[in-house]
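Participant: give the three-dimensional model of this entry:
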Amino acid sequence: MTAELKSTSEGRTMVLTIANPTQRNALSPEIYAAGIEALNGAESSHEVRSVVIVGQGAWFCAGGSLQRLADNRQRDPSVQAESIEGLHNWIDSIRAFPKPVIAAIEGAAAGAGFSLALACDFVVAARDAIFASSYSNVALSPVGGLSWELGRALPRQLASEWLMGGERITAPRLHAAGLVNELTENGQALAGALALAGRLNAHAPNALASIKELLTESRGATYASQLSQERDHFVRNLHHPNAGIGIAAFLEKKPPQYG
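Facilitator: Predicted structure coming up:
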């Protein structure tokens, strides 16, 4: 079966399913390109308020195909570099996408699958799900921003343990570290992610887009520049029609219906 990224709709949520079950949903350049294309289309769609990324079957994603990596060792290094750029472009598109992106994790998120999960705004995982850097287990180093994410989210010693050790990390341990938002019963990660998406879909899209952009920019911003950005976003959102809807609904004690 050819690896592919399937796109379906659940209400106002687009569900992207990594479908490569014979290789535990290993990634490929074709999946990277399909992911970017799907997000580009969803960005301009008023019908899509959020995105959920899930793996087909029992696994979320095993990362890159080791067979493909072995084959690329016999080719010019530019071939692998181009493949990694494809992954990084998809990761960048997730981070820049102005709507919430949720990873639904069953089974395991390993290697680039771990990187993909942490690129999302939210992570919902089954209690028995596992995460693993895995790179060091085959004499490789991380890609997909994994060292950046873990290096900022964790103490250096813990990030070193997870990245250098390559051992399996349980979903409850990631939840305790603040890297998983919600734990679900086994087999219920997608349902949990869709429920979270439904709650997010009820919020004003422009406000969520501002919050996501502010959080992303805060990583490299000074305090003064962040305050300026917060001011500008607030003023812009106050004069957006959705602020009128939200304020009026709050005062009237009614649920808002945002455009």
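Participant: return the helix or strand in the protein with minimum mean pLDDT.
Facilitator: Lowest on mean pLDDT, DSSP states H and E among the helices and strands of the chain sits helix 66-72, with a mean of 91.
Participant: buried ones in it, by neighbour count?
Facilitator: Asn72 (16 or more other CB atoms under 10 Å). For glycine as for every other residue, the C-beta is placed from the backbone atoms N, C-alpha and C.
Participant: so what secondary structure elements neighbour that helix?
Facilitator: helix 77-96 (3 or more CB pairs under 8 Å, 6 or more residues apart in numbering; DSSP states H and E).
Participant: dump the helix or strand following the helix it packs on to PDB, restricted to CA.
Facilitator: Per DSSP states H and E, the first helix or strand lying C-terminal to helix 77-96 is strand 101-105. Extracted C-alpha coordinates of strand 101-105, given in PDB (Å, rounded to 0.1, in the frame of the first residue of the first chain):
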ATOM      1  CA  VAL A 101      -3.800  21.900  15.200                       C
ATOM      2  CA  ILE A 102      -4.200  18.900  17.500                       C
ATOM      3  CA  ALA A 103      -2.200  15.600  17.400                       C
ATOM      4  CA  ALA A 104      -4.200  12.500  18.400                       C
ATOM      5  CA  ILE A 105      -1.700   9.900  19.600                       C
END
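Participant: which other helices and strands contact strand 101-105?
Facilitator: strand 50-55, helix 112-119, strand 122-126, helix 189-201.
Participant: okay, now the sheet partners of the first one, with direction.
Facilitator: Right, the one you point to is strand 50-55. strand 13-19 (parallel), strand 101-105 (parallel) (DSSP bridges).
Participant: can you check the third one too?
Facilitator: Strand 122-126 has these partner strands in its sheet, going by DSSP bridges: strand 101-105 (parallel), strand 182-184 (parallel).
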